[in-house]
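**Q** My questions are about this predicted structure, shown below with the sequence.
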Amino acid sequence: MKKLFFLGALFAVGLSFTACSDKDDVGTEVQQGENGGNNYIAISINLPTDRVNMSRADDNAGNITFDDGLDTEYEVKDATLLVFDKTSQNFKKAYSLSKDGFTKDGTDKQVTSHGTKIIQMVGTSVVAGDLALVVLNNNDLFTLSGNNIVFGEETFSGTYSQFQAKTATTTGLDASSMMGSGKGFYMANAPLSDKQGSTTTAPTGAAVQVLVPITTVYKTYAEAEAGAADQIYVERGMAKVTMNQTIGTTTMQNSKVGDQNLTATLDGWTLDNCNPNSYLVRSTDGHAGFVTLKSVATGGVYRYIGNSQITYPTIPSYPYRTYFAKSHGYDAAKTLNRVLAPTYYAAGDEEVAAGTKVEGELKTPGTSFSTDFGNANPQYCFENTFPVSLQVVNNTTLVQLKVTAKTGSTPEDLYTAGGNKTNIYTETTIKELIASAAYDYVVSQNWVKEGTFSSKDITVNLKEVNSATNEVTAVTISYNTTTNTSEGDATLKAGAFTEDAEGTSGTFVASVNTTALQAVGTVLKYVGGVSYYHIRIKHFGDDLTPWNNGEYGSTAPSGNTTGTIYPANGSNQDNNYLGRYGVLRNNWYDLKINKINYLGDAVPKTGNWPGTPDDELDNYITFQINILSWAKHVTQAADL
């Protein structure tokens, strides 16, 4: 079963920082507001979660559990309250809130962390019904100037929609900067629904709320202190991926050297094909259509909205999480960040101008594979979703794996021939295969006398390997003679060859060399037995959006027989497959390997991903996903 784990990064923000806790009250903070009034509002920020260490899955029809994650993922470095007009949704005022007082509390009510009660002084321009947005850890994406927010040199004066559509890029908001520089995870209000989903009953008419109405504007501090807090829930702006090394060292199922099994060890992993851009607040565009998403496969449920209520500190009017959204660039093929892609010096680089480097020279070979596994060693990325028509490999966020295969205790170079990954060769046996092909060609040309020559009279040396693909591109073939000769000498074995071969030594060697490689097929070298795999990350995955080998035939949930990977019968394409792959903010995708069947690629991919559908008729990898509250997705396990 595929589980989604939702990481506990939905804070409940009540418009009074009430101490929403089963533990100690952490106090009350009073913040100064704008000049011209002494009204007060109160807000309480709580971070909801679900825990993975429960005996059952908790949401999204059993496909989501909730998990606290790491303590560092809860740090609050700064907090900002933005108020928008209740009618026009135009931006009104911004207030800096206290960053202190947040307490991590792993309750079972989807709230992991919460804030102390903050009473915020506001001016008379803020009235009941105005709409509140909280941003935690703004990561310098904007600054405050009085009660205004400033993007770069531009003072913001637009609507909420214009604020929401502001773009964060990986140069201004990414996991390395947040974790490495101590800025904390960017968080903002989460879209929540008023109707229950993830059941066989359609959540007809479900509304979604992001901005939270301010219920009461208090005239005095005492009234605010005694009054109730409106709850706002926030979520992290990143998705999270972990890779578990549970497989250890395993026997490769289908790739063998002769009759000898290969053992395989998972050595490293890296997150790849990541969206370089993100909206500041998760988009709700398309909500009305997402509400109707339901696979027609047996047991299908309306998957977009969860079925487990947020109950902490009380059940809010919008108590259900939503599990899909249009990410930045949703409707178009994106240029994704390929972390393993090499970079090269360009004409405008200082080093080229100084003459120390030349244009086109390799600058960096790309990010190396991490050797750290498990829940304590996550990698993060922006959310990345797409319509079914763009559900293809080069649009999909994925993980690359590094695996070492060997026959004994010491790694050695391994080879494949002609794309066959069942029969694996060592350096000795691949040379024997090429020699055999050369011999067959010589015999076919009637160049040898019967019984005077064998493949053992041919010596093969691997001459060149394409470093970009590890393909063997040339060999040299020498022939054993009655006298010592240099490599490649065409002096023929005395008495073995016919007159047709005599006197044509140069042509003879060249033709045999070329023809032997052609007969064997493409030869790939796996340096040190290392091969590479990729796993495309599933969001709704196999349980909520099932697809099987042969999906385009009569076994498809829609019964479509048009021969397409994702058949479109009316609206069934979206119902059946939308969101099958992708990553969503504040969701945790936990991956593991079940088994390894074959050798993978001889070199890691560096961005040349194909535009083929994410689901293929021929697969070498099977996997199971956990999305962790974070929302944690069921561990995605893979057979390689």
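**A** On my side now, so go ahead.
**Q** where do the helices sit along this structure?
**A** 160-164, 175-180, 221-226, 287-290, 350-354, 427-444, 505-520, 541-544, 572-577 (DSSP state H).
**Q** what's the closest of these to Asp68?
**A** Asp68 sits nearest to helix 175-180 of all these, at 16.8 Å, using Cβ to Cβ. Heads up, the C-betas are built off the backbone N, CA and C, glycines and all.
**Q** same question for that closest one, mean pLDDT?
**A** The average pLDDT for helix 175-180 rounds to 51.
**Q** picking that back up, most tightly packed of the helices of the chain?
**A** Highest mean neighbour count among the helices of the chain (mean count of other Cβ atoms under 10 Å): helix 541-544, with a mean of 24.
**Q** Just the C-alpha atoms of it, please, in PDB.
**A** Coordinates of each C-alpha in helix 541-544 appear next as PDB, following Å, rounded to 0.1, in the frame of the first residue of the first chain:
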ATOM      1  CA  GLY A 541       0.200   6.500  -6.600                       C
ATOM      2  CA  ASP A 542      -1.100   2.900  -7.000                       C
ATOM      3  CA  ASP A 543      -3.900   2.800  -4.500                       C
ATOM      4  CA  LEU A 544      -5.800   6.000  -5.400                       C
END
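**Q** Which other helices and strands does that helix contact?
**A** strand 630-639 (3 or more Cβ pairs under 8 Å, 6 or more residues apart in numbering; DSSP states H and E).
**Q** how about the helices of the chain in TSV, adding distance to Gly529?
**A** Formatted as TSV, the helices of the chain follow (distance: least, Cβ to Cβ, whole Å):
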stretch	distance to Gly529
helix 160-164	49
helix 175-180	31
helix 221-226	67
helix 287-290	46
helix 350-354	36
helix 427-444	11
helix 505-520	20
helix 541-544	31
helix 572-577	37
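**Q** Determine which of the ones you listed approaches Gly237 most closely.
**A** helix 175-180 (9.0 Å).
**Q** for the record, mean pLDDT for stretch 539-554?
**A** Stretch 539-554 comes out at a mean pLDDT of 74.
**Q** weakest of the helices of the chain by average pLDDT?
**A** Among the helices of the chain, helix 175-180 scores lowest, with a mean of 51.
**Q** Tell me which of the helices of the chain lies nearest to Val403.
**A** helix 427-444 (19.7 Å).
**Q** So what touches that closest one?
**A** 257-258, 412-413, 415, 417, 425, 448, 453-462, 475, 477, 501, 511-513, 515-517, 519-520, 523 (Cβ atoms under 8 Å, 6 or more residues apart in numbering).
**Q** hmm, which of these are the buried ones?
**A** 257, 412-413, 415, 417, 425, 448, 453, 455, 457-458, 460, 462, 475, 477, 501, 512-513, 515-517, 519-520, 523 (16 or more other Cβ atoms under 10 Å).
**Q** give me the low-pLDDT residue ranges for the stretch 101-250 of the chain?
**A** 101-117, 171-181 (pLDDT under 70).
**Q** one more time with 80, if that's ok
**A** 101-118, 170-182, 246, 248 (pLDDT under 80).
**Q** now the end-to-end length of stretch 423-430.
**A** This stretch, stretch 423-430, spans 10 Å end to end (Cα to Cα, to the nearest Å).
**Q** ditto for stretch 479-497
**A** Per Cα to Cα, stretch 479-497 runs 11 Å from first to last residue.
**Q** Kind regards, and thank you for your time.
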